[in-house]
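Peer 1: Based on what follows, work out the 3D shape:
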Amino acid sequence: MTLAALPMYDRRETAAANDRFWKLIRLQLASGPESLCRNRDPWEIWQSPDLFLAQTCSYPYRTCLQDKVTLVGTPDYGLNGCAPGYYYSVLVVRKQDGSLGLSDFADRVFAVNDGMSQSGWVAAQGHAADSGLSFSQPVLTGSHLKSAKAVAENRADIAAIDAISWDRMCLWDDFTDNLTVLEKTTPSPGLPLIAAKGANQDKLFTACASAIARLGQDDRDILHLKGMTYIPSETYIAQPTPAPLKTQSRI
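Peer 2: Prediction:
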């Protein structure tokens with residue numbers, strides 16, 4: 001097995017901490033690729049027979065991957081109001097629009113990082129549906145960072161950003177000064193770690209948990225990591241799935 005990747009929260013400011021996290025996992029296992037893969041499409045990695053360990057999104061896991069991979073476990077980011085391993089999305093708008101209600105954005109431009117994103121599309125559509133609404137003007141951006149920036153720069157009006165990504169943006173990206181959180185979605189199972197089908201789940205889970213415990217405090221803070229938990233595959237699969245994103249419009 002030659003592929004390991006932690007792409008979901010990997011950015012310039014977290015790359016070194018992610019590298020140290022991976023080295024500790026590899027040390028516990030005494031096996032695995034020497035470095036994280038950052039130059040291949042995540043879907044290619046997730047579906048590769050050479051997959052050693054990677055983090056994926058819960059929506060791709062439950063809809064496309066769950067019968068093709070081993071579910072290792074879910075990192076716990078210690079979000080307030082969430083069970084271990086769960087997370088939520090924040091619906092962000094420009095500060096000048098912060099006094100508006102969710103219904104005011106139903107026909108405005110909704111920035112979506114990816115149509116297969118739990119936090120950027122699925123959770124937001126489910127949240128809107130609970131209020132009898134839907135976002136009728138979605139456009140694709142390619143990442144949470146680009147979605148939030150599109151709202152800040154008046155190219156979109158609202159976006160759903162997962163809570164960890166939003167926390168990191170508020171720490172490192174000045175454009176968030178122009179944004180505010182309108183609402184939060186209901187917590188759902190977080191981003192799981194997966195391995196190739198038939199991998200030793202117990203061994204991998206233990207290695208990841210031990211690596212988090214051995215990380216320096218600064219690295220745990222940068223990565224927002226608190227520990228590991230195991231959320232059964234059935235819990236992921238049982239999550240509601242809205243209509244798929246149909247737009248091909250991009251900004």
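
Peer 1: I'd assumed Phe110 was in contact with Asp157.
Peer 2: Yes: Asp157 lies in contact with Phe110 (Cβ atoms under 8 Å); the separation is 7.2 Å. C-beta here means a position set from N, CA and C on the backbone, and glycine is covered the same way.

Peer 1: Please identify which of these two sits among more neighbours.
Peer 2: With neighbours defined as other Cβ atoms under 10 Å, Asp157 and Phe110 compare such that Phe110 has more, 27 against 20.

Peer 1: Now do the SS call for the closest residue to the more buried one other than its chain neighbours.
Peer 2: Take Phe110 and drop its neighbours on the chain: the residue closest to it by Cβ to Cβ, 6 or more residues apart in numbering is Phe135, 3.9 Å away. Following DSSP: H, G, I helix; E, B strand; the rest coil, Phe135 is assigned to coil.

Peer 1: Distance of Phe135 relative to Gly126?
Peer 2: Going from Phe135 to Gly126 by Cβ to Cβ, to the nearest Å gives 11 Å.

Peer 1: More neighbours: which of these two?
Peer 2: Using other Cβ under 10 Å as the criterion, Phe135 and Gly126 rank with Phe135 on top: 26 against 18.

Peer 1: Where do the helices of the stretch 1-150 of the chain begin and end?
Peer 2: Along the stretch 1-150 of the chain, counting by DSSP state H, counting those that start in this stretch, helices occupy 15-29, 42-46, 58-60, 123-130, 144-152.

Peer 1: Reformat those helices into CSV and put distance to Arg168 and mean pLDDT next to each item.
Peer 2: Converted to CSV, the helices of the stretch 1-150 of the chain look like this (distance: least, Cβ to Cβ, whole Å; pLDDT from 0 to 100):
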stretch, distance to Arg168, mean pLDDT
helix 15-29, 11, 97
helix 42-46, 18, 95
helix 58-60, 19, 96
helix 123-130, 18, 94
helix 144-152, 9, 98
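
Peer 1: Tell me which of the ones you listed lies nearest to Arg250.
Peer 2: Each of these has some distance to Arg250 by Cβ to Cβ; the shortest is helix 144-152, at 9.9 Å.

Peer 1: With that, I have no additional questions.
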